[in-house]
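>>> Any chance you could fold what I've pasted below:
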Amino acid sequence: RAELPDGSYAAIKVIDLALLGDNILVAGFEDEIKILSKFRHPNLVVLMGWAKEGSRRFLLYEFLAGGDLTGRLQKSKDGRMPFLWHERLSVGRDAATGLAHLHNATPRCFHRDIKSGNILLGPSGAKMADFGLSVAAKTKAGAAVDCEYPSGTPGYACPVYMRSGKVTEGSEVHSFGMVLLEMLLNLMPAGLIGDQVKFPIHEVV
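The predicted model follows:
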């Protein structure tokens, strides 16, 4: 969190390429700027600016004081803050609206990492965030993108997309469906328990 000269706050994402040593992340930084510079929507986080210094890259976002959906669900689970059904419904609707804006753009855009940790909460509602893995279709009519490096978060990522490398609106809907189940059941789609990866929602379903 950073304080701006006018007293307001912003969120800064810092990427140090020297530490990470991954060329994919260079493209990710540029893709995130490209995607967020193109889109303006109440349910997509606002990119306010960016900077480079040596091997470090900085993205300056609007600051959302409510944190992310993962944290909000955990507070509810711990009994620290109630999370009523109509509040959950509102978050789901806001996130879906932001994603629909991406999917119905020309050309279509795909987030590729839909999860509760990438849904941020603020006074005006929920917003989709973290577009470092986002891609746009190559043509105006393109309905899918072939990805050389299929990526996503275990438990949320669509298995068909992970096998084929082809991201579609359907694969994004799968990930969003896991977020909805997470909100309904208060269970993580996947997590490390001891030294094993567990899939609590899959086990319940």
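>>> close enough to count as contact, Val160 and Val173?
No - the pair Val160 / Val173 is not scored as a contact, 11.3 Å apart, by CB atoms under 8 Å. To be clear about C-beta, it is placed using only N, CA and C from the backbone, and glycine gets the same treatment.
>>> what helix or strand does Trp50 sit in?
Using DSSP states H and E, Trp50 falls within strand 47-53.
>>> What strands flank that strand, and is each parallel or antiparallel?
strand 56-62 (antiparallel) (DSSP bridges).
>>> Distance of the spatially most central residue of the chain relative to Ala129?
Nearest to the geometric centre of the chain sits Asn118, at 3.3 Å (CA atoms, centre = their mean). According to CB to CB, to the nearest Å, Asn118 and Ala129 sit 5 Å apart.
>>> Can you list the residue ranges for strands in this structure?
In the chain, the strands defined using DSSP state E lie at 2-3, 9-16, 47-53, 56-62, 109-110, 119-122, 125-128, 135-136, 144-146, 166-168, 191-193, 196-198.
>>> Give me the nearest residue to Ser151, chain neighbours excluded.
Leu133 (5.5 Å; CB to CB, 6 or more residues apart in numbering).
>>> My read is that that neighbour contacts His111, right?
Yes - using CB under 8 Å, Leu133 makes contact with His111 at a distance of 7.3 Å.
>>> all helices for this protein, in order.
Per DSSP state H, the chain carries helices over the ranges 17-20, 23-38, 69-77, 85-103, 159-164, 169-185, 200-204.
>>> in this protein, what spans have low per-residue confidence?
20-28 (pLDDT under 70).
>>> if we go to 50?
Within the chain, no range satisfies pLDDT under 50.
>>> quick one: Ile119 and Leu180 touch, right?
No - applying CB under 8 Å, one finds Ile119 not in contact with Leu180, separated by 11.2 Å.
>>> Compare those two (neighbour count), which wins?
Higher neighbour count among Ile119 and Leu180: Ile119, with 28 against 15, using other CB atoms under 10 Å.
>>> And that one, how far from Asn186?
Going from Ile119 to Asn186 by CB to CB gives 15 Å.
>>> and if you look at Lys52?
As judged by CB to CB, Lys52 and Asn186 stand 41 Å apart.
>>> who's more crowded, the two?
Asn186 (13 against 10).
>>> And the more buried one, its phi and psi?
Dihedral pair for Asn186: phi 60, psi 40, per degrees, to the nearest 10.
>>> Which neighbouring residues are in contact with it, exactly?
Applying CB atoms under 8 Å, 6 or more residues apart in numbering to Asn186 gives the contacts Leu73, Ser76, Lys77.
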